[in-house]
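**Q** have a look; sequence and predicted model below, questions after that.
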Amino acid sequence: MNLQQQLMERLDTLNPSHLEIINESANHGGYYPGKESHFKVIIVSQIFQGMRAVQRHQKVYGAVQSLLAAGGGGIHALALHTYSEGDWDGHFPNSPECAHAPKN
């Protein structure tokens, strides 16, 4: 199972009503086809109701810890956009350009 699928499986434990996982590895230096190192996660869950952003992020990190590079996994960067159902308006921010992105 690839990292993106494992990430999806772990985040499903947070009972999301909306979940998007975008592999942004191609936008970063050192990319090669099939690389899985940089992801953007957009997750909406009622479990986040009443939590501050840092608490929401801690909840996500707790679910995916072993997949992160520091935990022995292969994910180098994880951009989190966490929303409760009341906060979610269907929009999320664009990712910034990476300074080491491959130049076309």
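**A** Here it is on my side, so go on. Residues are numbered from 1 along each chain as shown.

**Q** what's the longest helix in the chain?
**A** Ranked by residue count and defined by DSSP state H, the top helix of the chain is helix 53-64.

**Q** by contact count, what packs against that one?
**A** helix 3-11, strand 77-83 (3 or more Cβ pairs under 8 Å, 6 or more residues apart in numbering; DSSP states H and E). C-betas here are computed from N, CA, C, even on glycine.

**Q** any weak-confidence spans in this structure?
**A** 1, 27-35, 71, 96-104 (pLDDT under 70).

**Q** if you set the cut-off to 80 instead, what comes out?
**A** Low-confidence segments of the chain (pLDDT under 80): 1, 25-36, 69-73, 93, 95-104.

**Q** closest to the centroid, which residue in the protein?
**A** Val41 (3.0 Å; Cα atoms, centre = their mean).

**Q** could you dump the longest helix of the chain to CSV, C-alpha only?
**A** Output of helix 53-64 as CSV, limited to C-alpha atoms (Å, rounded to 0.1, in the frame of the first residue of the first chain):
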residue,chain,number,x,y,z
ALA,A,53,-6.2,24.8,15.3
VAL,A,54,-3.2,23.4,17.2
GLN,A,55,-5.4,20.8,18.9
ARG,A,56,-6.8,19.7,15.5
HIS,A,57,-3.3,19.4,14.1
GLN,A,58,-2.2,17.4,17.2
LYS,A,59,-5.2,15.0,16.6
VAL,A,60,-4.1,14.5,13.0
TYR,A,61,-0.5,14.0,13.9
GLY,A,62,-1.5,11.5,16.4
ALA,A,63,-3.3,9.5,13.8
VAL,A,64,-0.4,9.5,11.2
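
**Q** from Ser25, how far out is the residue nearest to the centre of the chain?
**A** As judged by Cβ to Cβ, to the nearest Å, Val41 and Ser25 stand 14 Å apart.

**Q** what's the answer for Ser84, then?
**A** Ser84 sits 29 Å away from Ser25, going by Cβ to Cβ.

**Q** these two: which has the busier surroundings?
**A** Ser25 (21 against 16; other Cβ atoms under 10 Å).
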